[in-house]
Structure formats: structure tokens, C-alpha cells
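# Build me a model from this:
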Amino acid sequence: MGETSKPTCHVVRPAGTYDGKQGFSYFEGIAAETVGSKGICMHLLTVPPGARAKAHMHESHETAIYCLSGEVVTWYGDNLEHSATVRAGDLFYIPAGVPHLPANLSSEPASAVIARTDPNEQESVVLLPHLDAKVPRQATG
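Numbers count the residues shown, from 1 in each chain. Below you'll find the predicted structure:
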């Protein structure tokens, strides 16, 4: 009779990074690839001053963000017609399938903890290049 692997707890110390399709580098965290998670992904992100992501959406998973430091403006909606400013101490929710584009318009880095309901975080990222021009490169909040 074969032995089955029993799930166990893991400590992850974010050391390495990976480049996401969205254009940011993420610190490795909790994911199917690192701990075998089945329904969640959580990692750290630091957005450098002046940096912005590519317009995108997460086709089939929700995103929850806790801003640790700094400030990020996120444009969202079918045509990125809405915006929200997320500051240190704020929580931000992005439903599945909502186009968005975050940008750090400040001169300070912004850091956040990001959790998603897909353990393979990059699998359902859909780039939306037709929306990139909706937010000017030098946008100000």
C-alpha cells in the first residue's frame, strides 16, 4: 500500500523575487509552487517610486491587499475610469475580472501584502494592453 503525503505547515522567509506579468517584481511567498497551497497565494510587493504596472485583470480570482507603507493609486473598471488611493494601513479589495492598473506616484517606495484566491497567482493574469494608454505615464494623484 502506497504512502500518501500528509499536508504540513511551512515557514516562508521571502528572499527571492520573481517578475510578474504585470510588470512588478514580487517577493516569493505562499503559493502552490512554494508550499503546495491549494486555494490561496500571499506575497510581498514593493512598488518603487514612479513605477506602474501594466493594465491587467485576474480572470478568476479575488485579490486582497494590505498596504504596509507608502501610497499607491489604482485605476480600475472596464476603461480604468475609477481610481482609489491606498495608503499605509489601508486594505483594498479587487474582485475577479476587474481591470486595474496600480501606480506609485510618490517619491517613496510603497510596500504591501497581497493575498489572492488562486494558489498559482500568475496563472489567471490577463494583460490588457489596450488599456495601458488610459492612464498617462506621468499621471498625478
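# how about the helices in the chain?
32-35 (DSSP state H).
# What are the boundaries of the strands in it?
In the chain, strands defined by DSSP state E lie at 17-19, 25-30, 41-47, 56-58, 63-69, 71-76, 82-87, 91-94, 100-103, 110-116, 125-127, listed in chain order.
# Could you say which of the ones you listed is packed most deeply?
Neighbour counts (mean count of other CB atoms under 10 Å) averaged over each of those peak at strand 100-103, with a mean of 24. For every residue, glycine as well, the C-beta is placed using N, CA and C.
# sorry, back to before: indicate which one of the strands of the chain is closest to C9.
Among the strands of the chain, the nearest to C9 by CB to CB is strand 25-30 (11.1 Å).
# CA atoms of the closest one as PDB?
Only the C-alpha atoms of strand 25-30 are listed here, as PDB (Å, rounded to 0.1, in the frame of the first residue of the first chain):
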ATOM      1  CA  SER A  25       8.900  42.000  -9.000                       C
ATOM      2  CA  TYR A  26       7.200  40.100  -6.200                       C
ATOM      3  CA  PHE A  27       8.900  38.500  -3.200                       C
ATOM      4  CA  GLU A  28       8.300  34.800  -3.100                       C
ATOM      5  CA  GLY A  29       5.600  33.900  -0.600                       C
ATOM      6  CA  ILE A  30       2.800  31.400   0.000                       C
END
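# Could I get the strands of the chain in TSV, plus columns for distance to V11?
As requested, the strands of the chain are arranged in TSV below (distance: least, CB to CB, whole Å):
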stretch	distance to V11
strand 17-19	18
strand 25-30	10
strand 41-47	13
strand 56-58	26
strand 63-69	19
strand 71-76	28
strand 82-87	28
strand 91-94	24
strand 100-103	28
strand 110-116	16
strand 125-127	27
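# where does P129 sit relative to M57, distance-wise?
Distance, P129 to M57, using CB to CB, to the nearest Å: 12 Å.
# Run through the bridge partners of the residue positioned nearest the centre of the chain.
Among the residues of the chain, I114 comes closest to the average C-alpha position under CA atoms, centre = their mean, at 5.6 Å. Per DSSP bridges, the residues bridged to I114 are H43, I65.
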